[in-house]
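> whatever this is, show me its structure:
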Amino acid sequence: MKTLPFIFALLLVLFLSNCSKDNELTGDSTFKLNDTLELAIDKSAINNEEQLTISIDSVLSDSRCPSDAICVWEGNAEVRFLLNNDGKKTKFILNSHGGDNYPSDTVIAGYNIELVALRPYPVSTSKISNSEYVADLLIKKE
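Below you'll find the model as predicted:
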């Protein structure tokens, strides 16, 4: 019978340690608005103040001109992201090239999201695996 209070206390500690605020998101890293953040594939970044979580869904294509080649066009990498804004999930695509046909930024729910860079940059002698990509993003409130 002496073990019953111990088991109850242990269960209470375990229960309380698993409790968290409903308004706090979880992820791999945190970011602040107006600061450039680095985001790897299969990782997410959170801003708890704004209730935002962002992640890379996938790199859809990467036709950027390799750094050791001479090309007529610089090429483009197309990256699909997932933004969770206070429970509302939105997928969107940004491009490394920028311009009218290849937007490198977008506005979603009052946030301007810009793809600043995608690393690593291609080299003709090696193929980039999906898990190697890291995006530099800048998120600002409109």
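
> helices or strands up against the longest strand seen in the chain?
In the chain, with assignment by DSSP state E, the single longest strand is strand 52-62. With contacts defined as 3 or more C-beta pairs under 8 Å, 6 or more residues apart in numbering; DSSP states H and E, the packing partners of strand 52-62 are strand 36-40, strand 44-47, strand 77-85, strand 111-119, strand 134-141. From N, CA and C alone the C-beta is placed, and that goes for glycine too.

> gap between Ser131 and Arg64?
18 Å (C-beta to C-beta, to the nearest Å).

> which one of these two has more residues nearby?
Arg64 (18 against 8; other C-beta atoms under 10 Å).

> where's the more buried one, which helix or strand?
Per DSSP states H and E, Arg64 falls between elements, in no helix or strand.

> let me know the pLDDT of it.
pLDDT, Arg64: 97.

> quick one on the thing from earlier: what lines up beside the longest strand of the chain in the sheet?
strand 44-47 (antiparallel), strand 77-85 (antiparallel) (DSSP bridges).

> so what's the residue count around the residue nearest to Ser96 when sequence neighbours are not counted?
Nearest residue to Ser96 in three dimensions, chain neighbours excluded: Ala77, at 4.1 Å (C-beta to C-beta, 6 or more residues apart in numbering). Ala77 is flanked by 23 other residues according to other C-beta under 10 Å.

> didn't Ala77 look like it was pressed against Arg64?
Yes: taking C-beta atoms under 8 Å as the definition, Ala77 is a contact partner of Arg64 at 5.4 Å.

> overlap in contacts of these two?
Ser96, Leu118 (C-beta atoms under 8 Å, 6 or more residues apart in numbering).

> list the contacts of the residue positioned nearest the centre of the chain.
For the chain, the residue nearest the mean C-alpha position is Ser55 (2.7 Å; C-alpha atoms, centre = their mean). Neighbour list for Ser55: Gly27, Leu39, Asp42, Lys43, Ser44, Ala45, Phe81, Leu82 [criterion: C-beta under 8 Å, 6+ apart].

> burial count for Glu114?
16.

> also Lys141?
11.

> now Leu94
Leu94: 23 surrounding residues under other C-beta under 10 Å.
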